[in-house]
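Enquirer: give me a model of this one.
(chains A, B and C)
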Amino acid sequence: MTHSVELTDIRKTFPGVVANDDVSLSVNKGEVHVILGENGAGKSTLMNILYGLYQPDGGTIRIDGEEKEFESPQDAINEGIGMIHQHFKLVGPMTITENIILGSEPKKSLGMSVDMETARREVKELSERYGFDINPEDAVEDVSVGVRQRVEILRALYRGADILILDEPTAVLTPDEIESLFVVFDELIEQGKTIIFITHKLDEVMSVADDISVLRDGKRITTIPAEEATNNRLAELMVGDEVLLELDRDPHPKGEELLRVDDLQIEGDDATLVDDVTLSVREGEVLGIAGVDGNGQTVLSDAIAGLIELDDGSVTFDGEDATEWGRNRLNDAGLSYIPPDRQEQGLVMNFDHGENVILGEQHTFPIGRRMRDDELAEEIVAEYDVKTSGVETSVKSLSGGNQQKLLVGRELERDPKLVIASNPTRGLDVGSIEFIHEQLLSARRNDRGVLLISSKLDELQQLSDRIAVIYEGEIIDTVDPETVTERELGLLMAGQELVTEETDSVSNENTLQAKRIEDENK
Amino acid sequence: MIEDMNLTRIENTTLTRRRIGLLALAIVAVVALLVSPYRDGITSIVNVGFFNTALVLSVPITLAGIGGLYSEKSGVINIGIEGFLIAGAFTSVLVTGATAGSLGADNAVWLGLLAAVVVGSVGALVFGVVCIRYKADQVIAGLAVWFIFLGLAPFLSRVYWGNINSPTVATFNQVAIPILSDIPWIGRLLFTNYPTTYIMLIVVPVAWYVLKHTSFGMWVRASGEHPESLDTAGINVNRVRYVSIMISGALSGIGGAALTLSTVGQFIGQGQTIVGGDGFIGIVAYLMGNYNPLGTFAAALLFAGLDALQLRLQQIGLDIAPELFGAVPYVAVIIVLVLFGYTRIPANAGENYESGDD
Amino acid sequence: MSDLKSRLPDEVKHILGRMVDASGRERLLISLGSFVLALVAGALLLLVSGAFASCESPVFGLGGLQFCYNPIEVYSVMLNGAVGSPYSLGLTLRETTLLILAGVAVAVTFQAGIFNIGTQGQFIFGGLAGAAVVHYTADLLPANVVGGGGLFALGMMAAALIGALYGALPGILLAYYDANEVITTIMLNFIATAVAFTIVRSFLREGAAVQTTLIPDYATPPAIIFPSASSFSILILVPTLLIAVGAHYLLNNSPLGYNIRVSGEQPTAAEYSGVDSKQVIVRTFTLSGVIGGLAGGVFVFMVLGYWQPSVPQVGFDGITVSVLAANNPLGVIPAAALFGILQSGSVALDLQLGVPRQLAGVLRGIIILFVAMPEFMRMIGRRLGLGESSATSAVTGTEANDD
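Expert: Reported below is the predicted structural model:
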């Protein structure tokens, strides 16, 4: 059998980082080849080189046995390579058909205009051949994420791709959508296509892979056939001899109720963004909120933090009705907020450390005082291990992990009663993640309340005392992290309720749970 | 992602509601006026001559607006179209005046128009290089373009003519199109007009067709919305942007020439020059027309109509502070902006795009 | 270019190179560089346009073409006309005073990320308000220094108030109706011109010309040190400098100032930190309007002595000054001085050499254009051999993004 793709000694360095360290890889024709690795292992870089987006510093690419050089994606497209990026490259307001044909439009009227009739027909035929249920006339911005991904696949196929690279295609999908994506894989393989599938999720690998290559720190560790792989072995290969620290989450007595949210409702224009959410957090408790991104978590956390006005419901903070308080008063009362986006929301990139550490507190400054606090900045830098060249440099120059430490430090140094942490470790390296987890747990030990919103199940299970699952703006269940399995959480996040016996025992003290059962009885 | 989209949709529907409301209001107002006792007075003011004037006045606004629309759709906000209008107005008078003696008036005006297009396109190309190659802030760079031509045209007027205003030069004649111009009313309105007006009447549908039905039009739309999608499809984003910017310069050049070579025959350099904000009104016209060339034309007609009304009222000797009445279109622009808020601007307008490595 | 490079002593190159690295100093170099490049571009313009001008004694001829303007002579006449005598220095400081006010007015809004082009309109209405106060109250107050002081104070207060109101308007339109401020402010400038003309013609006209009552001498700020012909009073310049310093202080030492800067840098971060962005927009615009209105008041009381419709484009010059100063109110002071020299020099230029004073307007645009493209200025800097290391410092923030 010839290799569809053969990469030899591919090397790529970025300033200060070796992203690909002489990686060699062979992909068989008509198979699904999984490239597995942690964030930062060099998977995307390698694939961007194959797709002509990056030029390698060394090494060769062979397609069907012939050596090729790709100077741009166009070269790769011409060799039958298609790439479906993690972040879709689609034009929202344009129709599915327009998106698919963009750049290779069929022409009519002596090449003067686009032959939309033909285009629509071709797109229809193509999507039927692969069993895709799409309407070519829909605007891309009006269809679901799953459909958009299909449009991306069709876009590659329309250009005659035989080798499809999918970069973390499941990151944005619900478990249901992931299932049907794998059905699509089967269909594609049947039609003779080759698939390169990049992921860092172990559980997905086994169900679809023919071969599995593991990347770590820019090197290929090994390639093994799927039959020979087990979850444990793959995890070992992926992580190497890194030891994952067990976090110290002792049982801790819960105190008074700090935060209580009743029947919180936020309406969008034609959808309810947060639907009748009730929850509570007590002193010394971490309440986790699990959910696939985009199910209303951000709106919920913004609303509790006082950034969005409620359409209905109430927020009680530390025994007082805080529904109308707004961000500043809630902050003064002891509610800190680590927002989901540190570079857009949490920190001002062009401000220095001293200016950034007062963000959120600025309204407490009297006129005439300098709008900065260098002492506090020094303190946070020292205590939270922020690696910086000085508190008077702009935070733009910090790495993501150090930015987040500065942000977390700022919010915790205010000595809040409760902190909302929204995806506090997204995109960080292992060391920073552990550090931030430790900080959140120490807040818990000090009888603070923590509302942790995350899309990472392991994080939620490690830190939370209870996990509420949000789906389409509704809390559909609250479960005990000790007993719930990842599979069960996954099902809940996809909007499927669990059989009652399983969860009944978990949280008898939990009023939410009672409420859910109540709802079901109605 | 999903949350973002909801927010966009909120804006869109309120906009549509506002639009429908505004339209209803306008219809009610017109009907009320037509059944009111002022009926006769109104029809004596709003006659074919009025509409003809409005059409002529709409030419620079429409052309600048459609040019600005192409540029912004492709991802480069061109605040500088006012400047390109000034450039076109000045150049056309300069070239026409300089060549009328040797070429004859009829040829000279066409050469003047051509020169305006060339200067507009080349100026726009420079603006494009500034914005794309050197990643300038597009709004500031656009302001700079306006300021440069706002200073340069009067400067050169004084250098060349010794006066901030030019002497009068040859102008286009109205051309009656055979047969069509005999149609009652319409013939007088549409088919007895200046060549620049005809150019506009052709540009409007062509610009609409190109944007909607051709490959280039698709690329322009994709380039402003999501340049990466175009790039990964193998189309050079910046090339699409350069072409779009140059279209805006060329059309503004024609618009500027229309201001001077149709009717006035003179470049006026005082204050805001003869252009007097038509470029900015053009920007509002395409916002109001929701980036549709046909809608842009309709909006431009509305603003031009207000201007024509003012001229017409002066013509019939109704002296109600002409300067004050001259400000009516500007007030209308603000009202329109308030009613329409911000239309959905292309997602990547104003953003620089760099493809490929790093 | 390479010539110049080799001529630069290593020492200077080293120092300048280090300055290019630091972002604040880089901005300073970019501003200075833009100013110099604009002068170079202006020189080219003068050379070329000189070939088309008609003059009695051309500076030089080349292949049948006669060139009327010698750029070096032009610039030296400008400089001399700007600072060559107490009178001309007074003229320059007079321009500088107006430009500082206009520049600060623009700078506070630009700091908030608001493209406010409306200072011209506030300048027009501020001046008119001052003139109107004189028109209606001059007879009621005693005709002496005390009455003059009162008249001046009332006039400036009216200028500030009207400026504030006319400044708040686009702020409200932006904050509550989402109406793009670039367009509304430009429209409001046009409207201000038209309305002011009509008001003067219908209500405030004095005599045949469309202009207001002359402001009595005793209400005009006294000329100290400088000849009174230059219509400049140091008693106005000092508080003007204080306004610039005060604006800088406000931006760095008050919650509003902090909020203005956060809103300008990152609106989402402002929202996150509990900033009421609508309120900040309206307050910033109002503050800017106060200062823009004061510029109009100063123009009427100190410079012209009455109000008439064709006022200079001080508001637009304020944009140049602000952009040149990187929107820093303290930086506005030297930027205004530089531009003041250009302005008053261009008047001398017109009178002495017959070179149109509109040259200053062209330079205004070119300066902004250069400041708007730091990439270009960096490239020029590298060509000159300055700050080689700035290229590498630009990429340190870039990390391999592999996820």
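
Enquirer: can you show me the CA trace of the one helix or strand A:Leu300 maps to as PDB?
Expert: If you go by DSSP states H and E, A:Leu300 is part of helix A:297-305. Written as PDB, here are the backbone C-alpha positions of helix A:297-305 (Å, rounded to 0.1, in the frame of the first residue of the first chain):
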ATOM      1  CA  GLN A 297     -22.700  30.200  31.000                       C
ATOM      2  CA  THR A 298     -21.100  33.600  30.100                       C
ATOM      3  CA  VAL A 299     -24.500  35.400  30.200                       C
ATOM      4  CA  LEU A 300     -25.200  33.700  33.500                       C
ATOM      5  CA  SER A 301     -21.900  34.600  35.100                       C
ATOM      6  CA  ASP A 302     -22.100  38.200  33.800                       C
ATOM      7  CA  ALA A 303     -25.600  38.500  35.200                       C
ATOM      8  CA  ILE A 304     -24.600  37.200  38.700                       C
ATOM      9  CA  ALA A 305     -21.600  39.500  38.600                       C
END
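
Enquirer: B:Leu287 - how many residues pack around it?
Expert: 27 (other CB atoms under 10 Å in any protein chain shown). Where C-beta positions appear, they are placed from N, C-alpha and C, glycine not excepted.

Enquirer: over to it: give its phi and psi.
Expert: phi -60, psi -50 (degrees, to the nearest 10).

Enquirer: near chain A, which residues of the stretch 151-300 of chain B?
Expert: Applying CB under 8 Å from any CB of the partner chain, one finds that the stretch 151-300 of chain B approaches chain A through B:209, B:213-215, B:218-219, B:221-222, B:225-226, B:228-235.

Enquirer: where's whichever residue of chain B sits closest to chain A relative to B:Val220, distance?
Expert: When scored by CB to the nearest CB, chain B has B:Ala233 as its residue closest to chain A, at 2.9 Å. Note on B:Ala233: its distance to B:Val220, by CB to CB, to the nearest Å, is 14 Å.

Enquirer: higher neighbour count, those two?
Expert: A count of neighbours by other CB under 10 Å puts B:Val220 above the other of B:Ala233 and B:Val220, at 27 against 24.

Enquirer: hang on, the earlier thing: nearest residue to the residue of chain B closest to chain A in space, please, no chain neighbours.
Expert: A:Gly103 (2.9 Å; CB to CB, 6 or more residues apart in numbering or on different chains).

Enquirer: how about low-confidence regions in chain A?
Expert: A:1, A:15-16, A:39-40, A:175, A:239-249, A:270, A:498-522 (pLDDT under 70).

Enquirer: can you give me the domain assignment for it?
Expert: A:3-239, A:259-493 (the TED database).

Enquirer: flag every residue of the stretch 51-200 of chain C that's near chain B.
Expert: C:52-54, C:115, C:117, C:173, C:177-180, C:182-184, C:186-188, C:190-191, C:193-195, C:197-198.

Enquirer: let's go with 10 Å and repeat that
Expert: C:51-54, C:68-69, C:110, C:115, C:117, C:169-170, C:172-174, C:176-199 (CB under 10 Å from any CB of the partner chain).

Enquirer: show me where the stretch 151-300 of chain A has helices.
Expert: A:175-190, A:202-208, A:231-239, A:297-305 (DSSP state H, counting those that start in this stretch).

Enquirer: what comes up buried for the shortest one?
Expert: What it means is helix A:202-208. Within helix A:202-208, the residues that count as buried by 16 or more other CB atoms under 10 Å in any protein chain shown are A:204-205, A:208.

Enquirer: say whether chain C is contacted by that helix.
Expert: No - judged by CB under 10 Å from any CB, helix A:202-208 stays clear of chain C, getting no closer than 16.4 Å.

Enquirer: what residues are up against the residue nearest to B:Phe90 when sequence neighbours are not counted?
Expert: If the residues on either side of it in the chain are set aside, B:Phe90 comes closest to B:Ala153, at 4.1 Å by CB to CB, 6+ apart. The contact partners of B:Ala153, taken as CB atoms under 10 Å, 6 or more residues apart in numbering or on different chains, are B:83, B:86-91, B:93-94, B:164, B:166, B:256, B:267-269, B:273-275, C:358, C:361-362.

Enquirer: is B:Ala153 within a helix or a strand, and which one?
Expert: helix B:138-161.

Enquirer: mean confidence for the next helix or strand after that helix?
Expert: In the C-terminal direction, the helix or strand that comes right after helix B:138-161 (DSSP H and E) is strand B:175-176. For strand B:175-176, mean pLDDT is 84.

Enquirer: show me what strand B:175-176 is packed up against.
Expert: In this structure, strand B:175-176 makes packing contacts with strand B:192-193, helix B:195-213, judged by 3 or more CB pairs under 10 Å, 6 or more residues apart in numbering or on different chains; DSSP states H and E.

Enquirer: let me know the pLDDT of the residue in the stretch 201-350 of chain C positioned nearest to chain A.
Expert: Per CB to the nearest CB, C:Gly274 is where the stretch 201-350 of chain C lies closest to chain A, at 3.5 Å. pLDDT recorded at C:Gly274 is 91.
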